[in-house]
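J.: Provided below are the primary sequence and the corresponding predicted coordinates.
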Amino acid sequence: MQLRPEQLGPQLDKPLAPLYLVHGDEPLLVIEAADAIRAAARKQGFTEREVLVAGAGFRWDDLFLAAGNLSLFGEAKVIDLRIPSGKPGREGSEALQRYIKTLGPGMVTLITLPELDWQVKKSTWVTALSAAGVAIECNAPPLARLPQWLAERLARQQQTAPRAALDFIAAHVEGNLLAAHQEIQKLGLLCPPGEISLAQIEAAVLNVARYDVSDLREAVKARDTVRAVRTLEGLKSEDAAPPLVLWALATEARSASVPSRMAALLHAAKIDRIIKGLARGDLWDEFLQLALRLTRTRNA
C-alpha cells in the first residue's frame with residue numbers, strides 16, 4: 001500500500017500493518033511519519049522497541065535475531081531499522097526480501113530511509129517491502145503549495161493567517177520545511193489562537209536577526225539611501241534568504257506612487273529569475289541597484 005504523509009493518520013487508527021517503509025526527500029516529514037508510527041504502536045500495546053542502524057559493517061543476521069528475540073513476557077515489539085544511505089547493497093536487499101517472509105503477529109517493523117532515486121524505487125527489494133506493508137513517501141510540497149502547507153500547520157494549533165503572511169513565511173524559509181515548522185511552533189508560543197496578522201508574523205519571524213527586511217522596507221519608504229545600502233550589506237553578511245529580500249523590495253515597488261514604479265517591478269522580476277537560476281547576474285548587486293532606484297525616485 002502506498003500512502004502520502006497526510007493519509008497516514010487515519011490508517012494508524014486501525015490495527016497496524018506488519019511493516020512500514022518511510023522514505024523521502026524531506027527529513028521533517030520522514031521524522032514525523034516515523035514518530036507517528038511509533039506512537040501508534042505504543043498505543044496499541046507494542047511496548048518493546050529495538051533500534052538497528054544498517055551502516056558500514058552492519059550484520060544483517062542481527063535483523064533476524066532481533067525479530068526472533070521476542071520478550072519472555074510475550075510483549076509486542078517494534079523493530080526500528082534505519083538505513084541512512086538508502087542502499088543496503090546486494091546482501092542487504094536479499095536479506096530484506098527474506099525478512100518479509102518472517103513477518104507475523106506481535107511485531108511491527110519500521111524501516112526508514114532517505115530520498116530514493118527512481119532506480120532504487122523500482123528495485124526488487126523496495127517493491128517487495130512496499131507490497132508487504134505500507135510505504136509512505138515523504139516529499140516536500142512544491143513551493144507553490146507551501147503557503148497552503150503552512151496554513152494547515154497553523155490550523156493544527158487553532159491559528160490562521162492571511163495569504164500575505166503565509167507568503168512572507170514561505171519566502172523566509174526558502175522551502176526548508178524544518179525551518180518552516182520551527183516558525184509555526186514559535187507562532188504557537190507567541191500568539192494566541194485565532195488569526196495572526198502580517199505585522200505579528202513579521203515581528204516573530206525576524207526578531208532574531210541583527211538586520212531584517214523590515215529595516216530595509218522602512219529605509220526604502222523613507223527614501224533613506226544610506227540606511228538602505230547599509231541594511232542590504234548587513235543582510236548579505238548574515239546570509240539572508242534572497243527571496244525574502246526580494247519580497248521586501250518588490251512590496252515597496254508595488255506600493256510606490258512614482259513614475260519609475262513599472263521599471264522597479266520589471267527589475268524585481270529580473271531578480272526573481274536570477275534567484276531561480278533562469279537568468280545571470282550578480283544577485284546582491286541587483287538588489288543594491290533596485291534599492292537605489294526606489295530610494296532615489298523622489299529626486300528622479
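T.: Right, received. Where do you want to start?
J.: can I get the helix or strand hosting Ala36 as CSV, trimmed to CA atoms?
T.: Element membership for Ala36, per DSSP states H and E: helix 27-43. Provided in CSV are the C-alpha atoms of helix 27-43 (Å, rounded to 0.1, in the frame of the first residue of the first chain):
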residue,chain,number,x,y,z
PRO,A,27,13.7,14.9,6.7
LEU,A,28,11.0,16.6,8.8
LEU,A,29,8.2,14.6,7.2
VAL,A,30,10.1,11.4,7.4
ILE,A,31,10.8,12.0,11.1
GLU,A,32,7.1,12.9,11.8
ALA,A,33,5.8,9.9,10.0
ALA,A,34,8.2,7.6,11.9
ASP,A,35,7.2,9.2,15.2
ALA,A,36,3.5,8.8,14.4
ILE,A,37,4.0,5.1,13.7
ARG,A,38,6.0,4.5,16.9
ALA,A,39,3.3,6.4,18.9
ALA,A,40,0.5,4.3,17.4
ALA,A,41,2.5,1.2,18.1
ARG,A,42,2.8,2.1,21.8
LYS,A,43,-0.9,2.9,21.9
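J.: gap between Arg145 and Arg49?
T.: Distance of Arg145 to Arg49, given as C-beta to C-beta, to the nearest Å: 34 Å. The way it works is simple: take the backbone N, C-alpha and C, and place the C-beta from them, glycine included.
J.: these two touch, right, Gln158 and Gly194?
T.: Yes. Between Gln158 and Gly194 there is a contact under C-beta atoms under 8 Å: 7.4 Å.
J.: ends of stretch 158-177, what's the gap?
T.: 20 Å (C-alpha to C-alpha, to the nearest Å).
J.: hmm, who's touching it?
T.: Stretch 158-177 is contacted by residues 26, 28-29, 140, 143, 146-151, 154, 179-180, 183-184, 187-188, 191, 193-198, 201-202, 205-206, 241-244, 246-247 when judged by C-beta atoms under 8 Å, 6 or more residues apart in numbering.
J.: please indicate which of these are buried?
T.: Among those, those classed as buried by 16 or more other C-beta atoms under 10 Å are 26, 28-29, 140, 146-147, 149-151, 154, 179-180, 183-184, 187-188, 191, 196, 198, 201-202, 205-206, 241-244, 246-247.
J.: among those, which are in helices?
T.: Counted as lying in helices by DSSP state H, out of those, are 28-29, 146-147, 149-151, 154, 179-180, 183-184, 187-188, 198, 201-202, 205-206, 242-244, 246-247.
J.: so where is the stretch 201-300 of the chain shaky, pLDDT-wise?
T.: 206-211, 256-259, 297-300 (pLDDT under 70).
J.: all helices of it, in order?
T.: Secondary structure of the stretch 201-300 of the chain by DSSP state H, counting those that start in this stretch: the helices cover 213-221, 225-237, 242-255, 261-275, 283-295.
J.: try the stretch 51-200 of the chain
T.: Going by DSSP H, counting those that start in this stretch, the stretch 51-200 of the chain shows helices at 61-68, 89-99, 118-121, 124-132, 146-156, 163-173, 177-190, 198-206.
J.: to Lys270, which of those lies closest?
T.: With C-beta to C-beta, the closest approach to Lys270 among those belongs to helix 163-173: 17.3 Å.
J.: buried ones in stretch 153-168?
T.: For stretch 153-168, using 16+ other C-beta under 10 Å, the buried residues are Arg153, Leu154, Gln159, Ala161, Ala165, Leu166, Asp167, Phe168.
J.: also stretch 243-258?
T.: 243-253, 256, 258.
J.: also stretch 288-297?
T.: Within stretch 288-297, judged by 16+ other C-beta under 10 Å, the buried ones are Leu288, Leu290, Ala291, Arg293, Leu294, Thr295, Thr297.
J.: surely Ala224 meets Arg296?
T.: If you look again at residue 224, you'll see it is Asp, not Ala. No. The criterion here is C-beta under 8 Å, and Asp224 misses it with Arg296 at 10.9 Å.
J.: isn't Ala33 right next to Leu8, touching?
T.: Yes. Using C-beta under 8 Å, Ala33 is in contact with Leu8, at 5.8 Å.
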